[in-house]
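Student: Next comes the sequence, and after it the predicted model I'd like to discuss.
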Amino acid sequence: MDKTEKLFRYKQGDTLPFGVTKVADGVQFAVSIPKGGDCYLNIYKTGQKRPSCRIRLSREYRRGSVYFVKITDCPDTDDQHTVADILSRDYEYMYEVDGREFVDPYAAVIHGRERWGRRTGEGNRIRGGISLESFDWQDDSPLSIPFSDMILYQLHVRGFTRHASSKVAHRGSFDGLREKIPYLKELGINAVLLLPCYEFDEIQIGAKVHGAPKQAAGKTTDSVAVGAGKHKENVVQEKGKINYWGYGQSETYYYAPKAAYAADPHQAGVEFKTLVRSLHQAGIEILLDIYFMPGTNVCLMEDCLRNWVLEYHVDGFRVNQEVMPSQMLVSDPILSGVKLLTDYWNRELVAGAGNNGLLAEYNEGFMNCARRYLKSDEGQVEGFSGFFRRGSGQIANINFMTYVNGFTMMDLVSYDVKHNEENGEGNQDGTEYNYSWNCGIEGKSRKKYILSRRMCQIRNAFAMMLLAQGTPMLLAGDEFGNSQEGNNNPYCQDNEITWLDWRMTSMRAGILEYVKKLIAFRKEHPVLHQGRELYMFDSLSCGMPDVSIHGTQAWRADFSYYSRMLAVLLYGDYQQKAGKPDDSIYIIFNMYWEPKSFDLPNLPGEREWYPAIETYGNTFSTVPQPVRKKRSHKKPSLESQKKTIVPPRSVVVFVGR
């Protein structure tokens, strides 16, 4: 027996889960080592070179391919401090097979990545940490917001508040995001989708660095001391590119919240839980974007998602189902109770497994069609009308105009082509298919007519997304005109290209106020988010279909190849608001470059059309006035309830009541 084994008292363990778990009589370590070999559990004092305890994993600890070891006592245990307390506070661990150490893939904490873009620890070493502290959730419970009622907001934890203009105490952290919760509530957001915030390796060793930005290209430096006391570490900066987004890295530990995203890197788990609790208290759900590398063990993937639900109270995930089996997602008893977003779902599989209305498709179908219609491409009216009225039936639909991989909303109307030179790949990376239009001048411009046209196109884009059935998803910063200078693939840009500049909230306050009002308008009218399939016929025998498609002539859709005109009528009787039928909504899209006259369909009874929104002049009526005013000496908004002139490349919305 190695003398270091005597430091701890231990015995056989016998329970799942994997990783490090607090049990009734101590702390259990469980790991799968399929090939066996000469195996050890090495327990280190945090930061020490040599293990304090080296436990040989002999056959008596093995069940199948899993080794179970239960530590029941250690030298510092007393009445006030349990084994779990001591291990969590002072120790880290590694497994060893045939002389080679590896980090537990189920580690809840990773030591050695506390500083963003840098290695910490002796020799760039990373180790598994131990986190067994309790957390006061304060009766936290799932919000269970239906997909049809969600306003989803995609953000990067670091980039959201890293810019000095964010004015948060801890920039680029979970705490920084928590400080922005009042902003999210005021905007109308009730769900956030976080880009990878587990322990991915942001340093791409050996990646091309020629042409990369200064903040993205590291350089070798001497080791320097960082921190104080027991957390004092050696920091070594590596040469390589920054993997800013967090996708596609092999050295990924899916169980651990990213320490570099925490204000206190040694309390990342607690800080993340505090963020989740605070979001829930504000009525905001939290979903995680988790990208599993090809070849990831299927049991680890399932256990990982379960752990984020049970340990961190996460409300859902977007996962890459080409790696994570769909059958496993829909049949798991824990995961079947949270929201699951994938590129597509097999309808037969979903029907066979049952569905609680918690599945959604997240793909570029809506985006590509809507962008092409926005820029007045031919042959887009029929396709866009289908996406626009597509309800959330058995499977919900996530509608977005922009997302992390591509142009921002401002760049969508400012650039015809990508400008990714700063990525250091000769502008060869990133998609060529942006379906964008620069409105007449490439890039930044001070010309008033260009700026006016761009603002109108941005308002049109938000109207397309936020007035459509399904679940809208905003990209963080789009609501105040954030730009990435034409870069549609800023995966390695950890700088002001990707950091949100919060000064834009005042400089482009018009966009922000418009988006706030549009979100409020959507929430006010349940007919805009019905949470079901729309049938396009009169299922209530009320004389009107639930949804109908029109052209410049009422009741006559124009799907001709050269058409750019579309109108959609959502009849209010199909949804209740405060115990009464909702108002009817008539949405007119004129993506032609000249004004067009549109018929207004007749409404039953004494109902009339009231103007609510006009994107051309940014008119937003919080208290809509009737189109035709009876017995009024003032000039009416329109001559009658029969027709209306819609300006070029604009959207007009009427409320029927």
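Tutor: That came in fine, so what should we check first?
Student: Okay, and the beta partners of L566?
Tutor: With DSSP bridges as the criterion, L566 is bridged to F589.
Student: Share the number of residues neighbouring it, please.
Tutor: Neighbour count for L566, taken as other C-beta atoms under 10 Å: 26. Every residue, glycine included, has its C-beta placed from N, CA and C.
Student: In this model Y586 seems to touch it, though I could be wrong.
Tutor: No. Counting by C-beta atoms under 8 Å, L566 does not reach Y586; the two are 11.5 Å apart.
Student: Buried residues, the longest helix seen in the chain. List them.
Tutor: If you go by DSSP state H, the chain has its longest helix at helix 448-466. For helix 448-466, burial by neighbour count (16 or more other C-beta atoms under 10 Å) applies to 450, 453-466.
Student: Partner strands of the next helix or strand after it, with direction?
Tutor: Next helix or strand after helix 448-466 toward the C-terminus (DSSP states H and E): strand 471-475. Strand 471-475 has its sheet partners listed here by DSSP bridges as strand 152-155 (parallel), strand 396-399 (parallel).
Student: Give me the residues contacting strand 471-475.
Tutor: Outside strand 471-475, the residues that touch it by C-beta atoms under 8 Å, 6 or more residues apart in numbering are 147-148, 150-154, 189, 193, 360, 362, 392, 396-400, 402-404, 408-409, 465-466, 515, 522.
Student: Which among those residues count as buried?
Tutor: Burial by neighbour count, judged by 16+ other C-beta under 10 Å, picks out 147-148, 150-154, 189, 193, 360, 362, 392, 396-400, 402-404, 408-409, 465-466, 515, 522 from those.
Student: quick check, V309 in a helix?
Tutor: Yes. Applying DSSP: H, G, I helix; E, B strand; the rest coil, one finds V309 inside a helix.
Student: what about it, distance to Q28?
Tutor: Using C-beta to C-beta, to the nearest Å, we find V309 at a distance of 21 Å from Q28.
Student: what's the answer for N495, then?
Tutor: N495 sits 44 Å away from Q28, taking C-beta to C-beta as the criterion.
Student: what about those two, which has more around it?
Tutor: Remark: of N495 and Q28, Q28 carries more neighbours, 25 against 18, as counted by other C-beta under 10 Å.
Student: ok but that one is inside a strand, no?
Tutor: Yes. Counting by three-state DSSP, Q28 is found in a strand.
Student: contacting residues for it?
Tutor: Contact analysis of Q28 by C-beta under 8 Å, 6+ apart lists 13, 15, 20-21, 68-71.
Student: Tell me the confidence at it?
Tutor: Looking at Q28, its pLDDT is 96.
Student: Kindly report the same for E614.
Tutor: On pLDDT, E614 comes in at 95.
Student: How many residues are close by it?
Tutor: Residues lying near E614 (other C-beta under 10 Å) number 20.
Student: swap in Y535?
Tutor: Y535 has 12 neighbouring residues, counting by other C-beta under 10 Å.
Student: Specify the local secondary structure of it.
Tutor: Recorded secondary structure, Y535: coil (three-state DSSP).
Student: I figured it hits Y571, correct?
Tutor: No. Taking C-beta under 8 Å as the definition, Y535 is not a contact partner of Y571, at 11.6 Å.
Student: Now for the two: what residues contact both?
Tutor: In contact with both Y535 and Y571: 545-547, using C-beta under 8 Å, 6+ apart.
Student: now those as a markdown table including pLDDT and neighbour count?
Tutor: Putting the shared contacts of Y535 and Y571 into a markdown table (pLDDT from 0 to 100; neighbours: other C-beta atoms under 10 Å) gives the following:
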| residue | pLDDT | neighbour count |
| --- | --- | --- |
| P545 | 95 | 18 |
| D546 | 95 | 25 |
| V547 | 97 | 22 |
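Student: In strands only, show me those residues.
Tutor: Under the assignment DSSP state E, those contribute V547 to strands.
Student: what's the closest of the shared contacts of Y535 and Y571 to Y592?
Tutor: V547 (22.8 Å; C-beta to C-beta).
Student: Could you pull up the contacting residues of the nearest residue to the closest one once chain neighbours are set aside?
Tutor: Taking C-beta to C-beta, 6 or more residues apart in numbering, and ignoring the residues beside it in sequence, V547 has L534 as its nearest neighbour in space, at 4.4 Å. Contacts here follow C-beta under 8 Å, 6+ apart; on that basis L534 touches 389, 391, 469, 546-547.
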